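> Quick one, fold the following:
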Amino acid sequence: MKTDVDLKQALLDPASVFASPWSVRNHAELTKQQKVEILKRWEYEESEVSVAEEEGMVEGAPSVLDQVLAALEELVDEIDTEHSPPTKHRGI
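From the prediction side, this is the model:
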């Protein structure tokens, strides 16, 4: 399926392509699989930033991790955001 979204860029840096996680979830031309993959990448990036901030390495914009997880939950019912792996990076 051809979309107006630069999928390669969206997978590398979702925030550079989409205004919010909700704009990924609501995009009419992306498949469910594409949306999930983009949001998973976004979740990983936000987790990395969160860990860096916790360790005093960077200060940045407010995290959208909760929004990413909520959008993912709406697309994939089996994601359990309440019980994540015992690492700082969480991972889905």
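
> Pull out the buried residues from the helix-or-strand element of the chain with minimal mean pLDDT.
Scoring the helices and strands of the chain by mean pLDDT, DSSP states H and E places helix 32-54 at the bottom, with a mean of 87. The neighbour-count check on helix 32-54 (16 or more other CB atoms under 10 Å) flags 34-47, 49-50 as buried. All C-beta spots, glycine's among them, are computed from the backbone N, C-alpha and C.

> so which of these comes closest to residue 25?
residue 35 (6.0 Å; CB to CB).

> The closest one contacts residue 26, correct?
No: look at residue 35 against residue 26 with CB atoms under 8 Å: they stay out of range, at 9.1 Å.

> Against residue 71, how distant is residue 29?
For residue 29, the distance to residue 71 equals 16 Å [CB to CB, to the nearest Å].

> hang on, I meant residue 25
Distance from residue 25 to residue 71, by CB to CB: 4 Å.

> okay, the two: which has more neighbours?
Shown here are residue 25 and residue 71; by other CB atoms under 10 Å, residue 71 has more neighbours (24 against 21).

> helices and strands around the helix or strand encompassing that one, which ones?
Assessed by DSSP states H and E, residue 71 sits inside helix 65-75. Contact here means 3 or more CB pairs under 8 Å, 6 or more residues apart in numbering; DSSP states H and E; on that basis helix 65-75 packs against helix 21-25, helix 32-54.

> Just the residues contacting it, thanks.
Residues outside helix 65-75 that contact it (CB atoms under 8 Å, 6 or more residues apart in numbering) are 20-22, 24-25, 32, 35-36, 39-40, 42-43, 46-47, 50, 79, 81, 92.

> Leaving out sequence neighbours, find the closest residue to residue 7.
residue 34 (6.7 Å; CB to CB, 6 or more residues apart in numbering).

> one step back: out of the buried residues of helix 32-54, which is nearest to residue 7?
residue 34 (6.7 Å).
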